[in-house]
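Task: produce atomic coordinates for the following.
(2 chains)
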There are 2 protein chains.
Amino acid sequence: MNFCSHCGSDDIRLVVPDGDNRVRHVCGHCGSIHYSNPKIVTGCLPVWDDKVLLARRSIKPRQGFWNVPGGYMENGETVEEGARREVREEVLAEVEITGLHAIFSIPHINQVYMHFIGQLPAPDAFGSGEESLEVRLFSEAEIPWQEIAFTSSVYTLENYFADRKQGKPQLHIGQMEYKRS
Amino acid sequence: MNFCSHCGSDDIRLVVPDGDNRVRHVCGHCGSIHYSNPKIVTGCLPVWDDKVLLARRSIKPRQGFWNVPGGYMENGETVEEGARREVREEVLAEVEITGLHAIFSIPHINQVYMHFIGQLPAPDAFGSGEESLEVRLFSEAEIPWQEIAFTSSVYTLENYFADRKQGKPQLHIGQMEYKRS
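Prediction:
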């Protein structure tokens, strides 16, 4: 942040506002406090029988890698609506959400992933959206573990197949460990 | 948004960027896209025996009304860390989180509440933080339903006591209905 988005001043200071206990971007001219908070990445793992649907990313970052359909939650929607929208956009599918599967915080990049499980209506009821090079169903044995785009997707997939073995869907709450060197 | 926070230009346009499908604030001078996304309000209902701990707000909005301890999730923390921090700040307690209880989307103000349940270490192990006028334990019969600050807290409390009767803690996913007139 170089300029105040309210008054245009370049007098932006990193200070702790009165009554607060954290450093914020504050405008020295008009006093506006500019907060920054974590974003939600909402998504859904579409399933059919013993298989899950992944999308190969056509965009950066991690272009060419496989991912659980998802993206930034938008203003004006619920978490579930956002997850269904992302599935619709990336894998051209309409899923019936059956539950929330994973909440995965990534503190060092200020993101919280929320992954639902969604039932596909048919084994061929999907396609490649604009942000996907390819979309396909994978059994557990077929998952390309070395080509998964993000840690959040690895977390969701590992826990999904473990839950299946136990016949017990559940909510997993985790975080990415970040080793500061 | 009146000015670009990157270059200071006042040429801010509401347009759909290339490759996007939503209107964003875009700077006509430097091309920066300024996204706005929902915020997470993370919190926790501290419990002891058959009672729950609420805080009476000393600050606006809804000053003087009772609330489940919570507030905006901050950068650099996990959802659970944020919930414990809010409990520490507002009711001076250290809870052991036992599970996630409610996710409550409020699409028209771009918020997602996430409320955990937390065990108090002792029936008097709390106090009034700076943002609280008063903090106390309530049995279900004592809850001041007409003086609860926010719908998200009503949702959490109603579901908490219903779950208790059934002896079955579970995750509730809901949203605030907003009737456009």
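
and the residue of chain A most remote from its centre, how far is that from A:F3?
The C-alpha centroid of chain A is most remote from A:H29, which lies 36.7 Å away (C-alpha atoms, centre = their mean). Distance, A:H29 to A:F3, using C-beta to C-beta, to the nearest Å: 10 Å. Every C-beta, even on glycine, is put in place using the N, C-alpha and C of the backbone.

Show me the contact partners of the longest helix seen in chain A.
Criterion DSSP state H: the longest helix present in chain A is helix A:151-166. With C-beta atoms under 8 Å, 6 or more residues apart in numbering or on different chains as the test, helix A:151-166 has contacts from A:41, A:45, A:47, A:50, A:52, A:54, A:66-68, A:101-102, A:104, A:106, A:113, A:115, A:117, A:140, A:143, A:145, A:148, A:169-170, A:172, A:174, A:176.

Now do that helix: distance to the chain's middle.
15 Å (C-alpha atoms, centre = their mean, to the nearest Å).

do stretch A:127-146 as well
Offset of stretch A:127-146 from its chain centre (C-alpha atoms, centre = their mean): 16 Å.

Can you classify A:I117 by secondary structure?
For A:I117, the assignment made with DSSP: H, G, I helix; E, B strand; the rest coil gives strand.

which ones are touching it?
Contacts for A:I117 (C-beta under 8 Å, 6+ apart) come out as A:C44, A:L45, A:V47, A:I97, A:T98, A:G99, A:L100, A:H101, A:Y160, A:P169.

Export these as TSV, with columns for secondary structure, pLDDT and distance to A:S152.
TSV is the format used below for the contacts of A:I117 (DSSP: H, G, I helix; E, B strand; the rest coil; pLDDT from 0 to 100; distance: C-beta to C-beta, whole Å):
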residue	secondary structure	pLDDT	distance to A:S152
A:C44	strand	98	13
A:L45	strand	98	11
A:V47	strand	98	17
A:I97	strand	98	18
A:T98	strand	97	19
A:G99	strand	97	17
A:L100	strand	98	14
A:H101	strand	98	11
A:Y160	helix	98	12
A:P169	coil	95	18
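
So which bits of stretch A:73-80 are buried?
Of the residues in stretch A:73-80, A:M73, A:E74, A:E77, A:T78, A:V79, A:E80 count as buried by neighbour count, 16 or more other C-beta atoms under 10 Å in any protein chain shown.

can you pull out the helices in chain A?
Secondary structure of chain A, counting by DSSP H: helices at A:79-91, A:151-166.

Please name the nearest non-neighbouring residue to A:G70.
A:G43 (2.0 Å; C-beta to C-beta, 6 or more residues apart in numbering or on different chains).

from what I can see the one you found touches A:G71, true?
Yes: between A:G43 and A:G71 a contact is recorded at 7.0 Å, counting by C-beta atoms under 8 Å.
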